[in-house]
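> Give me a model of this one.
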Amino acid sequence: MRYGLRAVVVVAALALACRWGVAQIGPRYVIELPGQGGGTAGMAQGKVQLAGQGLALIRFQGLSVLAVDADGEAYSREAAAGWPAADVLLVLPPAAGRYDGLAPLQALRSGAPVIVAEREDGGAAELVQPAARQPAQAGAAQLYPMQVWNTLELRKQNTRLRVTAMAGAPGTRGVAGFMLELGNSRSSYRVYVSCREDEVATLAQRLPGADLALLPAPGAPRLLALRRGAAEVGMPAALTAAGYAFTAIKR
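Now for the predicted structure:
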């Protein structure tokens, strides 16, 4: 009898410990944006479109994300003033060495959250102060640095965005890309924004949860639809200003 009671107590204690441990695992950042978000009724649709040299604009039910290639011509202090307005900015780390640091972001006056990767060059990490530690300046960009497996959760009314910094293929270091899950309480759509030249043939296997991939390329990113369970994937196509429309999927 005592043994049985003791076993029950131990199991209950372990269950509580597990629940407490899971509660400690959460997003690195949580952001609530004001404004009009999309409703949950009907089909949840969005679009990905080219917004300039090295710029991709992702829209979903009242929420917009601008992905900026740090190697692109549009990533400069002069060009930043002409970037299209967006709720969130996602700056992809450089690969070709044209990177102009954080100077272009200092020209922004929208006050929008800016997601950047904590990158490494020869072991020396680029230091970026999180938004919570930055001095308050009206309209200044709020930086949210992310390491591999860090997550950021953002909500604008009924529309939700979850960003995860993804690791690359075995043997690589640093952030290889960002998984963006846009959705609401009924459905979602997952867009993988790559920071590196990935093997197209292995993307579907390496990222089984992604629905669409944006791959870096000179001038304009390439677009690749990922079909779950497919033995082969198609060839990527250049993203255009007309854009690619998508519909969220019930999970």
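> what's the average pLDDT for the helix or strand Leu143 falls within?
For Leu143, the host element (DSSP states H and E) is strand 142-146. Computed over strand 142-146, the mean pLDDT rounds to 91.
> From the contact counts, what lies against it?
Judged by 3 or more CB pairs under 8 Å, 6 or more residues apart in numbering; DSSP states H and E, strand 142-146 is in contact with strand 113-117. In this view, the C-beta of every residue, glycine as well, is placed from N, C-alpha and C.
> and the strand it packs on, how far out from the chain's middle?
On the basis of CA atoms, centre = their mean, to the nearest Å, strand 113-117 sits 9 Å off its chain's mean C-alpha point.
> which residues touch Arg162?
The contact partners of Arg162, by CB atoms under 8 Å, 6 or more residues apart in numbering, come to Pro27, Thr151, Leu152, Glu153, Leu154, Leu180, Glu181.
> Identify the bridge partners of it.
Glu153, Glu181 (DSSP bridges).
> Now compare the contacts of Arg162 and name the two farthest from each other.
Using CB to CB, the two most remote members of those are Pro27 and Leu180, lying 13.7 Å apart.
> and stretch 170-184, how far apart are its ends?
The straight-line separation of the ends of stretch 170-184 (CA to CA, to the nearest Å) is 33 Å.
> ok, now stretch 152-160?
In stretch 152-160, first residue to last residue: 11 Å (CA to CA).
> Any chance you could list what contacts it?
27-40, 60-63, 87-88, 113, 115, 144, 146, 161-163, 181-185, 188.
> Just the buried residues of the residues you listed.
28-29, 31, 33, 37-38, 60-63, 87-88, 113, 115, 144, 146, 161-163, 181-184, 188 (16 or more other CB atoms under 10 Å).
> If you tally nearby residues, what's the number for the closest residue in space to Lys250 that isn't next to it in sequence?
Leaving aside its sequence neighbours, Lys250 sits nearest to Ser187 (CB to CB, 6 or more residues apart in numbering; 4.7 Å). Ser187 has 15 neighbours, counted by other CB atoms under 10 Å.
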